[in-house]
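Visitor: My questions are about this predicted structure, shown below with the sequence.
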Amino acid sequence: MARHVIWSGTVSFSLVAIPVQVVRAVESGRVSFRMLHNKDYSPLTRRMFCPKEELIVPPDEIVRGYEIGPDRYILITDEELESVSPERSLTIEIIEFIDIEEVDLIYYDHPYYLVPAKGGEKAYRLLVEVMHRTNKAGLAKFVLGEREYLVAVKSTEGGLVLITLHYSDEILPDEDIFPKEEEIAAEEQSRIKGSINKMLADFNPEQYADARREKIMAFLKKKVKEKVMVQAPEEEKAVGEGPADLIAALEESMRKVKEDR
Amino acid sequence: MAGRATWKGYIHFGSVDVPVKLHTAVKEERIQFNLLHRPDLIKLKQQMVCAYEKVPVPVEEQARGFELEEGKYILVDPEELEQAEPADSRMIEVHEFVKTGQIDPVFLERTYYLEPDVNVKGYNALVGALEEMDVEGICTWTMRKRSYLGSLQARGKILRLHTLRYADEVIPVKSLDLQNFSLSEKELKIGSDLINQLTVPFEPQKFANEHQKKLQKLIDQKGRGEKIAILHPRRLQPTAPDNLLQALEASLKKVA
Amino acid sequence: MSQKVIEIAGKRLPLSNLEKDLYPSYGFTKAHILEYYRRVAEFILPHLQDRALTFKRYPEGVERDFFFEKRCPSHRPAWAKTAEITRDNGERMTVCLVNDLETLMWVENLASLELHVPLARAGSPATPDSVVFDLDPGEPANMLDCARVALILRDLLIPLQLTSYVKTSGQKGLHVFVPLNRKETTFEDTKEFSKAVAEIMQKNYPDLVTAKMAKEYRKAKVFINWSQNDSSSTMICVYSLRARSKPYVSFPLAWRELENLAGQGDPEKLQVIHSEAVRRAEKQGDLFREVLVKKQQLPHL
């Protein structure tokens, strides 16, 4: 199955190195809309635009800068960015393991899956199995793009999931919102426990659907029935992505075919 | 201190009603870069551009569409859409309670702190009940036109709300087509021993965002006109399947 | 049900359920099937040679459940030739190679009515021997529309110095093969080429041809399934039976036949049934032989 690979490199722990790829573990279920030009309904895309020259800027003219003063920048190239933490952009080095239950839920940020790359299948399977047996997760630092993440690598349903974590200094203190009164109404607590008892169950996420998504889809289906649709104009794009001379040869040949018929 | 209160609601189940104020619980620190146009270093703006004509399109000429099939769209009027969206209510409705620890972290999105609003006694009673019974409440609510699924947890003196992903938003591990590999009991035992040897208590404060500091250093260096050394790190040699046991044994020897 | 043991080239092969009618509405038993394959063996074997076989087994006949089998069954005879291949996920698998009559008979005894093979041979799984254009008509388009498309395709390829060969799929469509038989060819090359061709065809004959797989684009058009040019794809082998209500065959046609028949009413005229397949093959030889030996080159390489 063709998967979009976000990153490829190595996961290591002690002297074991496992070639892996990072792929998505979640995808948004939200209904997404496309912005269209209301004149001809051609789809719109976001592009970088230079407000001074008033034109769309091609990627090779775009540079990254850090603002040090009004209109004063320090330019940083991709190479320089990578050189900041070079090892961590190639290797997820697990330096320690922790009991997964000790991790406060507030630390979890974003999950990804790790899949083994060629040659790493056995070592990958081993890590999955032993982390499952011992109920532990690995902690590592990992650089992706401009950012360095603290990550947990854990075993789940026969595979490895990599979850980025927030740094502890990114977790805001909560003392200032503590309840001012400490008093506990024992009777009320008891009543609440009674209600909770009646509502105990096992967590089954399948039961819950995105209500907004459902309402919008129902609304859209209704509009389809009313046949209210617009069509984007035909794109003058190059046929396929075949090399230019192949396309030219085919077009030429097609011209002959049509002439003869 | 906790982030600003961003929303007000009330937790509801059975005959329980506890008003709360939502606060963000996490603030990310990042060095921000700008994207610039190379020749004259003008800050670039993002613009909606017509895909074919490559010209920017002003907001008044933009329409919203839902793509049904390739190239065919249903136009959606923002007002019509509002009608279709669920109405905002202030209720955080709890549907069931599950034992803490049941929710796989892959479902977790964001965490909010809940500050008590008027009924402080009720809030405290709820905190106490959840803690004593060691459960989390699974709830749904609508906030700023989005439908949320979440879990209500007591932590210390306060309540926290974790937003959760919907089941169909999580890609199943099965779809990764991972294959099974037979491992020897010896490999598994040594691997487990190694992990246990390397296990420490979870102390997140040990980890600082060093990259930020290094990035700042890089920026300062460039600012002083210093040359940046481009290092090309080694790529680790993958452990061959036949050498796995050996690597595990050597590792264990190193740490034990 | 009758059993029999036969001997071919000194090897013993037990056959079973010979009287079982596997095409019940037509009347074609296991014995008939074995006989069919025995008679076309000299024509089909070169096309099966050294290719990882995918069985499509109908043990209870064409009206009941079938199953695909890619792995060579562990109960194979000791003399059955096999190869080790590596699947996309890295897993190693043993596959059957049908390189002789006795193995073909053994395979057919397992009621693998249909024989599907990849475009590459087991020894060089990343090297396709041909480019294939799998023409699949979306109702109400039919075989005649496929014939039209196949003829345009043939003419399109001639100025590019490419000769092509056509066979029926035995079901609703046609397969056009362009032999290459060069060890430098990759699936990336053949896929890119076939995609470009399919899209040019779609662009110029939008009411007749589509290059898009999604069902909504295929209604009333002939779909050119260029994505079949893939190391993991298999195609029905030429001369193989099809598991339809009648034992039709995936049979090679002369281009002249398509020219004569295309445009004329009956799409069924292009379909070849088992008895006709045997008769024609014995008379004119293997019309698909060139697909195995002709060396050609894709234009942009």
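Guide: All right, it came through fine.

Visitor: Strands of the stretch 1-150 of chain C, start to end?
Guide: Here the stretch 1-150 of chain C has its strands, by DSSP state E, counting those that start in this stretch, at C:4-8, C:11-15, C:54-57, C:67-69, C:82-86, C:92-96, C:114-118, C:130-137.

Visitor: Take these and lay them out in JSON lines including mean neighbour count and distance to residue B:149.
Guide: C-beta coordinates here come from the backbone N, C-alpha and C atoms, glycine included. What follows is the strands of the stretch 1-150 of chain C, written out as JSON lines (neighbours: other CB atoms under 10 Å in any protein chain shown; distance: least, CB to CB, whole Å):
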{"stretch": "strand C:4-8", "mean neighbour count": "12", "distance to residue B:149": "65"}
{"stretch": "strand C:11-15", "mean neighbour count": "15", "distance to residue B:149": "61"}
{"stretch": "strand C:54-57", "mean neighbour count": "21", "distance to residue B:149": "44"}
{"stretch": "strand C:67-69", "mean neighbour count": "12", "distance to residue B:149": "40"}
{"stretch": "strand C:82-86", "mean neighbour count": "15", "distance to residue B:149": "42"}
{"stretch": "strand C:92-96", "mean neighbour count": "16", "distance to residue B:149": "42"}
{"stretch": "strand C:114-118", "mean neighbour count": "22", "distance to residue B:149": "45"}
{"stretch": "strand C:130-137", "mean neighbour count": "24", "distance to residue B:149": "43"}
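
Visitor: Get me the contact residues on the stretch 151-300 of chain C for chain B.
Guide: C:214, C:216 (CB under 8 Å from any CB of the partner chain).

Visitor: what does the stretch 151-300 of chain C put close to chain A?
Guide: C:152, C:155-160, C:192-193, C:195-197, C:199-200, C:203-204, C:299-300.

Visitor: Go through those residues and flag which are in helices.
Guide: Secondary structure from DSSP state H places C:152, C:155-157, C:192-193, C:195-197, C:199-200, C:203-204 of these in helices.

Visitor: which of these count as buried?
Guide: Using 16 or more other CB atoms under 10 Å in any protein chain shown as the burial test, these include C:152, C:155, C:156, C:157, C:192, C:193, C:195, C:196, C:197, C:199, C:200, C:204 as buried.

Visitor: and the host helix or strand of residue A:109, how far from the chain's centre?
Guide: With secondary structure defined by DSSP states H and E, residue A:109 is part of strand A:108-116. Distance of strand A:108-116 from the chain centroid (CA atoms, centre = their mean, to the nearest Å) equals 9 Å.

Visitor: For it, output the C-alpha coordinates as PDB.
Guide: What follows is strand A:108-116, C-alpha atoms only, in PDB (Å, rounded to 0.1, in the frame of the first residue of the first chain):
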ATOM      1  CA  TYR A 108       0.600  13.600  24.600                       C
ATOM      2  CA  ASP A 109       0.800  15.700  21.500                       C
ATOM      3  CA  HIS A 110       0.600  14.000  18.100                       C
ATOM      4  CA  PRO A 111       0.800  10.300  17.100                       C
ATOM      5  CA  TYR A 112       2.500   8.700  14.100                       C
ATOM      6  CA  TYR A 113       3.200   5.100  13.100                       C
ATOM      7  CA  LEU A 114       6.600   3.700  12.600                       C
ATOM      8  CA  VAL A 115       6.900   1.100   9.900                       C
ATOM      9  CA  PRO A 116      10.000  -1.000   9.300                       C
END
